[in-house]
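[1] Only the shape, not the letters, is given here:
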């Protein structure tokens, strides 16, 4: 009989759990992950058929669905040594009461899908506090913004562990002459037409289901972020692709001009157009009309983090970007490649220090 895996996961995000899987496998641990993500095709797999909590029902997740899920799958779940929840982190509460070590990774505003429903958001915070106090729950954030955002609402301090994203196994080649503008299609086309260097918008130039290696065969990536932490950015950085990101003043200028494409997902309230159900003490971190809030996020942005992503280049205008692109981007890739082993080793050490990793 085939032995059970060590860790179980049900997830709506294919990339964050892939990063956790790589860390588990590095330590000889195995993972079963059921995906209900609409992006499962990225890893060449279909959605898994799951009862109770799936792609049709997860948005109404709450205490009742968690209890029903445990009743349906409890005997199976008890065969695992532990559990992981990455998106949404609230799925960690599917495993409450099973007396197994559980990991929750905050990758994008931990409270979703409860942003507009205070009772379930309060339930989430209460059970997170109880889980941490009781020792069965470990909280991690893969970026500084989510670490501090979660702390602002719960008073809990998750461990900050940047994503490694070495699971793609891909490496930059730069064999093509085009620069790729990673942004919304309309803005990407506008930027591509503005630059004097040969440039193409991401999906318009590479196709809607482009190969990631096709992306890394291009000369450089101009990344115009919709959030301060994006899994694709971790993937690009670990693949040693030359990355160019607008500097803070220019990025804020672009966000004002292109609100649908630039810094458009700092809060789920931007996505839904609805106010949040709850507010932390101090700054309302979902009020992105407040420039102080935008600055709060940018202070914690991955792409400005000189400790973990020091080889990203920033530019102050499209003319400045053209000047930077006059230099050989392969030199940036070489710098990133030289620093890559140490960066990945430091990330691995942070995972190794988690009691959860030992427990499973």
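    It's in. Computed from a prediction, not measured in an experiment: that's the story for all the values here.
[2] which parts of stretch 79-86 are buried?
    Of the residues in stretch 79-86, those buried under the neighbour-count criterion (16 or more other C-beta atoms under 10 Å) are 80, 82, 83, 84, 85, 86. (Each C-beta comes from the backbone N, C-alpha and C, glycine too.)
[3] what's the helix or strand for the nearest residue to the last one once chain neighbours are set aside?
    Pointing back at residue 86 there. Counting by C-beta to C-beta, 6 or more residues apart in numbering, residue 16 is the residue found nearest to residue 86 once chain neighbours are left out, at 3.9 Å. Assignment of secondary structure by DSSP states H and E places residue 16 within helix 14-26.
[4] Determine the set of other helices and strands touching that helix.
    Helix 14-26 makes packing contacts with strand 7-11, strand 31-35, strand 102-106, helix 231-238, helix 330-352 when contacts are defined by 3 or more C-beta pairs under 8 Å, 6 or more residues apart in numbering; DSSP states H and E.
[5] now for the lowest-mean-pLDDT helix or strand in the chain, which elements pack on it?
    For the chain, counting by mean pLDDT, DSSP states H and E, helix 202-206 ranks last in confidence among helices and strands (a mean of 88). In this structure, helix 202-206 packs against strand 179-182, helix 185-194, helix 212-216, with contacts taken as 3+ C-beta pairs under 8 Å, 6+ apart.
[6] Ok, which of those comes nearest residue 123?
    When those are ranked by distance to residue 123, counting by C-beta to C-beta, first place goes to strand 179-182 at 37.0 Å.
[7] And that closest one, how far out from the chain middle?
    Its chain's average C-alpha position is 20 Å from that of strand 179-182, according to C-alpha atoms, centre = their mean, to the nearest Å.
[8] tell me the average confidence for that strand?
    When pLDDT is averaged over strand 179-182, the result is 97.
[9] Next: stretch 220-235.
    Per-region confidence: stretch 220-235 scores 97 on mean pLDDT.
[10] now do stretch 53-62
    Taken as a whole, stretch 53-62 has a mean pLDDT of 94.
[11] Would you work out how far apart the start and end of it are?
    Taking C-alpha to C-alpha, to the nearest Å, the first and last residues of stretch 53-62 lie 10 Å apart.
[12] Repeat that for stretch 312-324.
    Stretch 312-324 has its terminal residues 12 Å apart, counting by C-alpha to C-alpha.
[13] and if you look at stretch 157-168?
    Stretch 157-168 has an end-to-end distance of 30 Å (criterion: C-alpha to C-alpha).
[14] So what's the gap between it and the chain middle?
    Taking C-alpha atoms, centre = their mean, one finds stretch 157-168 lying 9 Å from the centre of the chain it belongs to.
[15] the strands in the protein, which residues?
    Using DSSP state E, the strands of the chain run over residues 7-11, 31-35, 82-85, 102-106, 137-141, 159-160, 179-182, 199-201, 220-223, 243-246, 313-315.
[16] Quick one: closest of these to residue 307.
    Using C-beta to C-beta as the measure, strand 159-160 is the one of those that comes nearest residue 307, at 10.4 Å.
[17] contact partners of that closest one?
    Identification of contacts with strand 159-160 by C-beta atoms under 8 Å, 6 or more residues apart in numbering yields 138, 139, 140, 141, 142, 143, 144, 147, 350, 354.
[18] List the strands paired with it, with their directions.
    When pairs are called by DSSP bridges, strand 159-160 turns out to pair with strand 137-141 (parallel).
[19] Name the residues that touch the strand it pairs with?
    Residues outside strand 137-141 that contact it (C-beta under 8 Å, 6+ apart) are 89, 92, 101-107, 110, 128, 131-132, 147, 150, 156-161, 354-356.
[20] Can you give me the first-to-last residue distance of stretch 344-360?
    Start-to-end span of stretch 344-360 (C-alpha to C-alpha) is 22 Å.
[21] Off-centre distance for that stretch?
    Taking C-alpha atoms, centre = their mean, one finds the center of stretch 344-360 at 18 Å from the center of the full chain.
[22] what's that stretch in contact with?
    Residues from elsewhere that reach stretch 344-360, judged by C-beta under 8 Å, 6+ apart: 6-7, 23-24, 26-27, 29, 81-82, 101-103, 138, 140, 159, 161-164, 166, 238.
[23] same check, this time on stretch 172-188
    191-192, 195, 197-206, 215-224, 226, 232, 239-242, 258, 260-262, 325, 329-330, 333.
[24] which of the residues you listed count as buried?
    Among the contacts of stretch 172-188, the ones that count as buried (16+ other C-beta under 10 Å) are 191-192, 195, 197, 199-203, 205-206, 215-224, 226, 232, 239-242, 258, 261-262, 325, 329-330, 333.
[25] quick one, which of the helices and strands packed on helix 202-206 is packed in tightest?
    Highest mean neighbour count among the helices and strands packed on helix 202-206 (mean count of other C-beta atoms under 10 Å): strand 179-182, with a mean of 26.
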